[in-house]
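Novice: have a look at this fold, sequence not included:
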Ligand code: F6R
Ligand code: ZN
């Protein structure tokens, strides 16, 4: 575990890889197949099972005084009309806020709070700040990998349970462009 002592890391803007990577996770269509709206298209693409997104995280101690960071890389593509995306989650505790900084590609941050939807386009240099109690998900709306860095308090968990109910009230599709 790291965090107590100072260190330097390096992110590759093209691949999203972290020099100091502790865990690299790959999420394929089969892992999140229930989340895409067009289930007929999902069935057609399952044999191919495309890689949807990857995450790169250093092994930072989950200490409430520490800052956590990581990189998400969403590959370009669609399932039907809906763009490749992350699962989407709420933070526990809900007061934990978060910052995203787009490094490359083009994406959309989808947020839902009290049944209100907010969509924010992200391009290299865009910083988005996810406030309290905001259910958030990111989409790749471009033709290149969409890569962004996240930073927040290290002592938090992800709550994915909202996805089991109705999920998001809106999605992001080619019609959004
Ligand atoms: C952390 C955060 C990101 C996401 C990542 C994958 O709070 O927002 O590190 O965890 O972009 O998204 P999910 O976890 O929703 O599939
Ligand atoms: Zn988050």
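Specialist: Arrived safely, thanks for sending. Keep in mind that this is a model prediction, so the values were computed, not measured. Ligands and ions are numbered 1, 2, ... in the order given.

Novice: please report the distance of the residue of the chain most remote from its centre from ligand 1.
Specialist: Relative to the mean C-alpha coordinate of the chain, counting by CA atoms, centre = their mean, the farthest residue is residue 5 (27.5 Å). To ligand 1, residue 5 is 23 Å away according to CB to the nearest ligand atom, to the nearest Å. Heads up, the C-betas are built off the backbone N, CA and C, glycines and all.

Novice: ditto for residue 17
Specialist: 15 Å.

Novice: so that residue sits against residue 54, correct?
Specialist: No: between residue 17 and residue 54 there is no contact under CB atoms under 8 Å: 9.1 Å.

Novice: per-residue confidence averaged over stretch 93-113?
Specialist: For stretch 93-113, the mean per-residue pLDDT is 98.

Novice: what residues does the chain put near ligand 1?
Specialist: Contact residues, the chain versus ligand 1 (CB under 6 Å from any ligand atom): 55, 70, 72, 86-89, 98, 137-138, 150, 152, 158.

Novice: assumed the residue farthest from the centre of the chain was part of a helix.
Specialist: No: the assignment for residue 5, made by DSSP: H, G, I helix; E, B strand; the rest coil, is coil rather than a helix.

Novice: hang on, the earlier thing: joint contacts of residue 17 and residue 54?
Specialist: Listed as contacting both residue 17 and residue 54 by CB atoms under 8 Å, 6 or more residues apart in numbering are residue 24.
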